[in-house]
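> predicted structure and sequence below. I'll ask about it afterward.
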Amino acid sequence: MPGPGAAGGVGGPGRSPSPDGILRRQAQRESAARTYARSLPIVPVRARGLTIEGADGRRYLDCLSGAGTLALGHNHPVVLEAIRKVLDSGAPLHVLDLATPVKDAFTTELFANLPPQLAADARIQFCGPAGTDAVEAALKLVRTATGRSGLLAFTGAYHGMTAGALAASGGAQDVRVTRLPYPQDHRCPFGIGGPEGAELGARWAENLLDDPKGGVPAPAGLIVEPVQGEGGVLPAPDAWLRRMREITEARGIPLIADEVQTGVGRTGAFWGVDHAGVVPDVMVLSKAIGGSLPLAVIVYRAGLDIWTPGAHAGTFRGNQLAMAAGAATLAFVRENRLAERAAALGESMLTALRGLASAQPCIGDVRGRGLMIGVELVDPDTGSAAPALAAAVRQECLDRGLIVELGGRHNAVVRLLPPLTLTDEQAAAVLDRLADAIPAAARRPH
C-alpha cells in the first residue's frame, strides 16, 4: 500500500515532511483569511518554553505566545502532566456542561484567584471555547439583565471576530455601539495626554450619558480592556479605570472587563483590573485560562444571573483537557508569583527599550504593562505611524530567530507577549535581537 508520501511529496518512511511543501499546500488549501501564517512562514514541529523549532531545523524565540495564550510557554511540564492525568484516568473528554471532578477543580482554582469581592458572589458560564463567544455571552447577559440593548465601548477596542464582538471593536463598519475615547499618551485624542487627557475622556463619557439630548439612552453595559492589545498595547490609567467604575456604578450600568489577553498574570497583576483595584460586574476570560487549550468563560455577579436554561450554550463548553491544563496553569502562576515576576521583568524590559528609543528616532513610543509590551514605529521626520517599517522590523526579527507580531491603529506597533516563565537571560536575548532588527529595518527601503 503506498505510503503517505507517495503522492504530493508529503513525506515517506524515514523522511520528514518538506517545510516548503507544507507551506505551499497551506497557501493552496487554506482560506484567504489566514493571518499569522502570512507573516510567519515557518512550520513548527517542536516547542518548549520560549523556543519553537521549525521543520527546517531553525529555532525561534516565540514572543507571540499564541497571541498571549501561552502563559507558561510551550508544553510546560505541569500542563503536560495535567493533560496526561486526565487521559490516563479514562475520564470522558466530552461532557457538554455536566459536572465533573475536573471542572470542579478548575472552577475552584479560578474562583480562588478572582477579585475577592467578585468571587464571594459570582456565577460562571462556560462558553464556546473562543474568547469571542465569551464576549457574546457577556453582551447577551447584560442585555437580558437590564432589559436594554445599547452598549458602550471604546475607540481602538478589540473583542473578537463574531458579529456582536466585532460591533464593539474599533474597526466596526455598521456601528450600533456608542464609542468613547480610550486614553493614550502618544496619540491622545485631545492632544494633551497624561492624567489630564484621561480625565477629559472620563468627563466626556459622563457628560454624554447624562445629556438628555446626547443621543445615548441608558446602555446595557460598558465593555473595556484593561490594556488594549490589538489597539496598540495601551494600558488604561488606573485613575481613569476607577472613574469608569464610578460612572457606571452610579448609573446602574454593568461594567464588563475583557480580560481575554490581560488575564492570568500577563500585566503584572493576576487580572488587569487589579492594578486599579476595580471590581467589574462581568469578567470575560479565555486564552491563558485554558493552559494552551481552548477554553472561555464569563464570571459575573449573581444578581445578573436571570437568563433561562439554554440562553447561552455551546457543544464544546465542557473541554475537560483544557480545564485540567487551565487549573494547573492558574495554580502554577499563583504559587510561583509569576504576576509579580512579570511586573518586575516587564519594567526592566521597558526601561531597556526606552533606552533604545533614545538612539533610534524611528521609535515613536515604548509602552506596556508587565509582559505585554509595545514599540510604536514612526517616520522620524513626520512622527506619523510607519506600518511598512514595522513590517520590516517583524521580518528582520524573524530572520534573527525572533517571533513578534504587529498591532495598533495602523499596524505600526511591534508587540511582545513572551511567556511569564521568561528568564533574565532569555529577556536579554529577545532585546538584543530586537535592538539589532530595528536599525537593520530602518536602513531598508520601504
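Cool, the structure landed. Remember, predicted model here, so these are calculated numbers, not experimental data.
> C-alpha only now, for contacts and for neighbours.
OK.
> gap between Leu353 and Val43?
Per Cα to Cα, to the nearest Å, Leu353 is found 30 Å from Val43.
> who's in contact with the strand or helix carrying Glu199?
Using DSSP states H and E, Glu199 sits within helix 194-210. Residues outside helix 194-210 that contact it (Cα atoms under 8 Å, 6 or more residues apart in numbering) are 180-185, 188-191, 214, 216-218, 237, 240, 243-244, 247.
> try 10 Å
The set of residues external to helix 194-210 that reach it, using Cα atoms under 10 Å, 6 or more residues apart in numbering, is 152, 178-186, 188-193, 214-219, 236-244, 246-248, 251.
> which among these end up buried?
Those of those that meet the buried threshold are 152, 178-186, 188-189, 193, 216-219, 236-244, 247-248, by 16 or more other Cα atoms under 10 Å.
> can you tell me which of the residues you listed end up in strands?
Leu152, Thr178, Arg179, Leu180 (DSSP state E).
> save these as CSV, and put in distance to Thr267 too.
Converted to CSV, those look like this (distance: Cα to Cα, whole Å):
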residue, distance to Thr267
Leu152, 24
Thr178, 27
Arg179, 25
Leu180, 23
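> what residue is smack in the middle of this protein?
Relative to the mean C-alpha position of the chain, the nearest C-alpha, by Cα atoms, centre = their mean, is the one of Gln261, at 2.3 Å.
> that residue contacts Ala296, doesn't it?
No - judged on Cα atoms under 10 Å, Gln261 makes no contact with Ala296 at a distance of 11.6 Å.
> overlap of the contact sets of those two?
By Cα under 10 Å, 6+ apart, Gln261 and Ala296 have these common neighbours: Gly131, Val284, Leu285, Ser286, Lys287, Ala288, Ile289.
> report the two of those separated the most.
For the shared contacts of Gln261 and Ala296, the maximum inter-member distance is 12.0 Å, found between Val284 and Ala288 (Cα to Cα).
> can you map out the helices along the stretch 1-150 of the chain?
19-29, 36-39, 65-68, 77-89, 101-113, 116-119, 131-146 (DSSP state H, counting those that start in this stretch).
> and the fourth one, what does it pack onto?
So the one you mean is helix 77-89. Secondary-structure packing of helix 77-89 (3 or more Cα pairs under 10 Å, 6 or more residues apart in numbering; DSSP states H and E): helix 320-335.
> what angle sits between the helix it packs on and helix 77-89?
The directions of helix 320-335 and helix 77-89 differ by 150 degrees, with axes from the mean of the first three to the mean of the last three Cα atoms, to 10 degrees as the criterion.
> packing partners of helix 320-335?
helix 77-89, helix 101-113, helix 338-359.
> kindly recompute the last result at 8 Å.
In terms of contacts (3 or more Cα pairs under 8 Å, 6 or more residues apart in numbering; DSSP states H and E), helix 320-335 is packed against helix 77-89, helix 101-113.
> now those in CSV, with mean pLDDT, distance to Gly201 and mean neighbour count?
Formatted as CSV, the helices and strands packed on helix 320-335 follow (pLDDT from 0 to 100; distance: least, Cα to Cα, whole Å; neighbours: other Cα atoms under 10 Å):
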stretch, mean pLDDT, distance to Gly201, mean neighbour count
helix 77-89, 98, 42, 15
helix 101-113, 97, 31, 17
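> for Leu417, find the nearest of the ones you listed.
helix 77-89 (19.2 Å).
> ok, back up a step: next, format the helices of the stretch 1-150 of the chain as CSV and append distance to Trp307.
Converted to CSV, the helices of the stretch 1-150 of the chain look like this (distance: least, Cα to Cα, whole Å):
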stretch, distance to Trp307
helix 19-29, 41
helix 36-39, 37
helix 65-68, 31
helix 77-89, 32
helix 101-113, 20
helix 116-119, 19
helix 131-146, 7
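> Ala322 is nearest to which of these?
helix 77-89 (8.0 Å).
> between the helices and strands packed on helix 320-335, which gets nearest to Val279?
Between the helices and strands packed on helix 320-335, helix 101-113 lies closest to Val279; by Cα to Cα that is 12.9 Å.
> so what touches that closest one?
For helix 101-113, the surrounding residues in contact (Cα under 8 Å, 6+ apart) are Ala119, Phe270, Gly318, Gln320, Met323, Ala324, Gly326, Ala327, Leu330, Ala331, Arg334.
> near Asp305, how many other residues are there?
Counted with other Cα atoms under 10 Å, the neighbours of Asp305 add up to 16.
> close enough to count as contact, it and Arg143?
No - assessed by Cα atoms under 8 Å, Asp305 is found out of contact with Arg143, at 11.4 Å.
> ok so, going back, got the CA positions of the helix holding Glu199 in CSV?
The C-alpha trace of helix 194-210 is given here as CSV (Å, rounded to 0.1, in the frame of the first residue of the first chain):
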residue,chain,number,x,y,z
GLY,A,194,-1.3,62.1,30.6
PRO,A,195,-3.8,62.3,33.5
GLU,A,196,-5.4,65.5,32.0
GLY,A,197,-6.2,63.7,28.8
ALA,A,198,-7.6,60.7,30.6
GLU,A,199,-9.7,62.9,32.8
LEU,A,200,-11.1,64.7,29.8
GLY,A,201,-12.2,61.4,28.3
ALA,A,202,-13.9,60.4,31.5
ARG,A,203,-15.7,63.8,31.7
TRP,A,204,-16.8,63.4,28.0
ALA,A,205,-18.3,59.9,28.8
GLU,A,206,-20.1,61.2,31.9
ASN,A,207,-21.5,64.2,30.1
LEU,A,208,-22.7,62.1,27.2
LEU,A,209,-24.5,59.7,29.4
ASP,A,210,-26.2,62.5,31.4
